[in-house]
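Peer 1: Any chance you can model this:
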Amino acid sequence: MPDAAQRLQSLFEQLLGTPLPVRIRAWDGSQAGPPGAPALIVRNRRALRRLMFKPGELGLARAWVAGDLDVEGDLYTALDLMAGFVWERDEDAPGLLASLRDPAVRSAALGLARLGGLPLPPAPPPEEIRRAGSRLHTRRSDRRAISHHYDVGNDFYQLVLGPSMVYSCAYWSAPEEEGGTLEDAQRDKLELVSRKLALRPGQRLLDVGCGWGSMAIHAAREHGVSVVGVTLSQEQAAHARKRVADEGLTDRVEIRVQDYRDVTDGPYDAISSIGMAEHVGSERYLEYAVDLHGLLKPGGRLLNHQIGRRPRRDEDAYDLDAFIDAYVFPDGELAPVGTTVTQLERAGFEVRDVESLREHYALTLRRWVTNLEADWKRAAGLAGVGRARVWRLYMAASAVAFERNRIGVNQVLAVRTPDSGAAGLPLRARTWN
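Peer 2: Okay, the predicted model is just below:
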């Protein structure tokens, strides 16, 4: 009788209709697949039951988080090899039910079920979010989603992000192997945002989704502006306030636990929204843009730094990423950059510049993964093993997605241009002053 790895390889290839690009190592110690390739370790039969009850990305995610699946070898290479049939299936590829009409696929699925043992659905790992209702992007659901993602523990985030405590794409003038550091690149990103906003002493800046306060502190310290930073995370706010006090900037920086929809003390000279708009959702995006437009004075600038995805032929068929939605960013939605620009324009903004930083985010994510792996035992102690596994997979898979141009990140500079038409920007593009 074939060993477990050979049987799994054969069944997976029947299901997928293509040779597996990675090796399989099964719970009985057997191995199969291309020599030298990274190995997908199937630690137990429970991993198969997770895949049978939740086929696709969510089943794989549950097995990974629970430790039923692992990778031996370079994780990035393994994710890159598997991307084509896990994350990048063609839009026209048949769904599960349609595939099961094929007798060979149905036979392979039954074979996996028999190999998996007792047909009982394993409970999801405790790190998976449990939803109380179905309404998206209400104030209550947004608070809950933000808390799930950001209230993991400030010490854990500091381990991953490093001293800068900036949880968004850095701006690399040189990769680390050429002398650049993550802290330098994050400082350069904050300065890039500041220059695009043309911050000057005495101005007021609203930092939407202020995180741990890095942009607010940089803008106040380096450019002399007064800043209001808003976040829905209690832990972020507490850490940001301490940093502000340590910097001696309490007279110029106010950190609030507040929904951006409840900010009413405009007008502001400038607004930064860095890595926050992904949480807004397509149904609320125009409201988000209108609200920020209303908070700016005429001539004021918005810098919207946001992850985007590739457009689909049928945009109505877009679904939230199952793993990200269940374990990382609940209710988070990505939109093509063109859609973002259109919504900002509909709200009344004049969009003046769009800059893609896609490769910069891949470099940033790889550095975060290095930080996590270098202090894995402490990270697991701070956040729990399951949560640490979530973050390792999420960041490594995201790095591959940026490298393969499956997703990107863009800085969109928009102006509340006054009726006179004088936007106040320089004539030469990318001369930020």
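Peer 1: C-alpha from now on. contacts and neighbour counts both.
Peer 2: Will do.
Peer 1: Gly275 contacts Phe329, correct?
Peer 2: No. Contact criterion C-alpha atoms under 8 Å: Gly275 and Phe329 do not qualify, at 11.8 Å.
Peer 1: ok, which stretches of the stretch 301-433 of the chain are helices?
Peer 2: If DSSP state H, counting those that start in this stretch is used as the criterion, the helices of the stretch 301-433 of the chain fall at 322-323, 337-346, 358-374, 376-383, 385-403.
Peer 1: Which among those helices is found nearest to Arg140?
Peer 2: When these are ranked by distance to Arg140, counting by C-alpha to C-alpha, first place goes to helix 322-323 at 21.5 Å.
Peer 1: what's next to that closest one, contact-wise?
Peer 2: With contacts defined as C-alpha atoms under 8 Å, 6 or more residues apart in numbering, helix 322-323 is touched by Glu57, Leu58, Ala61.
Peer 1: so where does the last one fall, helix or strand?
Peer 2: Read it as Ala61. Assignment of secondary structure by DSSP states H and E places Ala61 within helix 57-66.
Peer 1: Give the other helices and strands that that helix contacts.
Peer 2: Applying 3 or more C-alpha pairs under 8 Å, 6 or more residues apart in numbering; DSSP states H and E, we find helix 57-66 packed against helix 46-53, strand 69-72, helix 322-323, helix 385-403.
Peer 1: Columns mean pLDDT, distance to Leu206 and mean neighbour count on top of those, output as TSV?
Peer 2: Conversion of these to TSV gives the following (pLDDT from 0 to 100; distance: least, C-alpha to C-alpha, whole Å; neighbours: other C-alpha atoms under 10 Å):
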stretch	mean pLDDT	distance to Leu206	mean neighbour count
helix 46-53	88	45	22
strand 69-72	96	43	18
helix 322-323	88	32	18
helix 385-403	96	28	21
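Peer 1: for the ones you listed, which one sits closest to Pro426?
Peer 2: Comparing the helices and strands packed on helix 57-66 against Pro426 with C-alpha to C-alpha, the closest turns out to be helix 385-403 (31.2 Å).
Peer 1: Off-centre distance for that closest one?
Peer 2: The chain centre lies 9 Å from the centre of helix 385-403; the measure is C-alpha atoms, centre = their mean, to the nearest Å.
Peer 1: and the nearest residue to Cys169 once chain neighbours are set aside, how many residues sit next to it?
Peer 2: Among residues not flanking Cys169 along the chain, Tyr361 sits closest, at 4.7 Å (C-alpha to C-alpha, 6 or more residues apart in numbering). With neighbours defined by other C-alpha atoms under 10 Å, the count for Tyr361 comes to 23.
Peer 1: Over to the one 4 residues further on?
Peer 2: Neighbour count of Leu365, defined by other C-alpha under 10 Å: 26.
Peer 1: quick one: contacts for it?
Peer 2: When contacts are counted by C-alpha under 8 Å, 6+ apart, Leu365 is found next to Cys169, Met395, Ala396, Ser398, Ala399.
Peer 1: could those go into TSV alongside distance to Arg252?
Peer 2: As requested, the contacts of Leu365 are exported to TSV (distance: C-alpha to C-alpha, whole Å):
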residue	distance to Arg252
Cys169	26
Met395	34
Ala396	37
Ser398	36
Ala399	36
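Peer 1: of those residues, closest to Val412?
Peer 2: Cys169 (14.0 Å).
Peer 1: Number of residues surrounding that closest one?
Peer 2: The criterion is other C-alpha under 10 Å. On that basis, Cys169 has 25 neighbouring residues.
Peer 1: tell me which residues of stretch 235-247 are tucked away?
Peer 2: Under the neighbour-count criterion of 16 or more other C-alpha atoms under 10 Å, stretch 235-247 has Glu235, Gln236, Ala237, Ala238, His239, Ala240, Arg241, Arg243, Val244 buried.
Peer 1: low-scoring stretches of the stretch 251-400 of the chain, by residue?
Peer 2: Screening the stretch 251-400 of the chain residue by residue with the criterion pLDDT under 70, one finds no matching range.
Peer 1: follow-up on the earlier one: please report which of the contacts of helix 322-323 has the highest neighbour count.
Peer 2: Counting by other C-alpha under 10 Å, Ala61 has the largest number of neighbours within the contacts of helix 322-323, with 28 neighbours.
Peer 1: Quick check: the residue nearest to it when sequence neighbours are not counted vs Thr264, distance?
Peer 2: Leaving aside its sequence neighbours, Ala61 sits nearest to Phe323 (C-alpha to C-alpha, 6+ apart; 5.9 Å). To Thr264, Phe323 is 36 Å away according to C-alpha to C-alpha, to the nearest Å.
Peer 1: hang on, the earlier thing: which one of the helices and strands packed on helix 57-66 lies closest to Arg114?
Peer 2: When the helices and strands packed on helix 57-66 are ranked by proximity to Arg114, the top entry is helix 46-53, at 9.6 Å, counting by C-alpha to C-alpha.
Peer 1: The closest residue to Val166 other than its chain neighbours: neighbour count?
Peer 2: The shortest distance from Val166 to any non-neighbouring residue, by C-alpha to C-alpha, 6+ apart, is to Ser214 (6.3 Å). For Ser214, the tally of surrounding residues (other C-alpha under 10 Å) stands at 20.
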